[in-house]
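K.L.:
Just to be clear, the model below is a prediction. Sequence and coordinates:
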Amino acid sequence: MLKHHAESLQIMREHFQGNDDVLALILGGSIAKGEARPDSDLDGMVIITDQAYAKRKAEGQLVEYISGKCTYPEGYFDIKYFDKNYLEAAAKLGSDPTRNSFVKSKVIFSSDSDIEKIIEQIQTYPQNEKLERILLFHSILRYASGYFYQSGIRNNDQYMLDKCCFEIVYAGLRMLYVHNEVFFPCHLRLIEYANRLAHKPDNIIDLAKAVNEKKDADSIKAFVDAILNFTDWGIEPSSYASVYIERMEQTWQFSNDNVYEL
């Protein structure tokens, strides 16, 4: 951690510590992950009491940008407010982007001894969900590269072709994320984080870029084959249709989960 970040973090700590509504301060973001630029802001997750959280939520004040306190000109505190209930829910049900936001996070202070344990649970990859996730993303990969792509070609539908290529790359890389037990961070960093995966097909990033740039059948086949032949995924290839119908077309019966943020 750079000196000016450490100095500003101490100021952030002093700003929140001693406030009766604040249970804990957690440092997240690029500084916690060791990826910060010199001008990076400080990402703080402030855990507050149920009452304080309800008040902030009602007022639409769950996010706050605090400037003028960092020791460097570009710096500011990027604050998100949560209650303990949110942390507990994230540990059980959190999406990948939510869990990723807590990876390598640091508890700066806490008056609740449970919070560090909950943070550790949020950061732990859910082993029991691996196969289910692989089945889901495999079904998207198969449909997008097959039936939907061919429909787009047949109808000369550029929107469908663009959508298929996005889904092909997204679903294929998500299969690799699951295989590596790495949380998907967000769409902004899908490719960046995929490039860091320890276990992946050779030149898979170049193959993914070719799908989106060329949108042709050869590029799609090369990418899909690289994903499907990379490892024994432990799934029955013909099962994808049933999985897709259940998880993509009929999921409204159970939840309004967004598969693109899962």
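P.N.:
Now that the structure is in, tell me what you want to look at.

K.L.:
Could you use CA atoms for every contact and neighbour count after this?
P.N.:
OK.

K.L.:
Run through the helices of this structure in chain order.
P.N.:
Counting by DSSP state H, the chain has helices at residues 3-16, 29-33, 50-59, 84-93, 96-102, 114-123, 130-143, 149-155, 158-180, 190-196, 204-214, 217-228, 240-244.

K.L.:
Distance to Glu74 for those - can I get that in JSON lines?
P.N.:
Shown next, in JSON lines, are the helices of the chain (distance: least, Cα to Cα, whole Å):
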{"stretch": "helix 3-16", "distance to Glu74": "11"}
{"stretch": "helix 29-33", "distance to Glu74": "14"}
{"stretch": "helix 50-59", "distance to Glu74": "27"}
{"stretch": "helix 84-93", "distance to Glu74": "30"}
{"stretch": "helix 96-102", "distance to Glu74": "22"}
{"stretch": "helix 114-123", "distance to Glu74": "29"}
{"stretch": "helix 130-143", "distance to Glu74": "40"}
{"stretch": "helix 149-155", "distance to Glu74": "46"}
{"stretch": "helix 158-180", "distance to Glu74": "33"}
{"stretch": "helix 190-196", "distance to Glu74": "25"}
{"stretch": "helix 204-214", "distance to Glu74": "33"}
{"stretch": "helix 217-228", "distance to Glu74": "41"}
{"stretch": "helix 240-244", "distance to Glu74": "46"}
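
K.L.:
Break the protein down into its structural domains.
P.N.:
With domains defined by automatic domain parsing, the chain comprises 3-123, 127-253.

K.L.:
which regions of the chain sit below the pLDDT cut-off?
P.N.:
Low-confidence segments of the chain, defined by pLDDT under 70: 255-262.

K.L.:
any chance of the domains of the chain in a markdown table, with mean neighbour count too?
P.N.:
Output for these, formatted as a markdown table (neighbours: other Cα atoms under 10 Å):
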| stretch | mean neighbour count |
| --- | --- |
| domain 3-123 | 17 |
| domain 127-253 | 17 |
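
K.L.:
from the middle of its chain, how far away would stretch 140-149 be?
P.N.:
23 Å (Cα atoms, centre = their mean, to the nearest Å).
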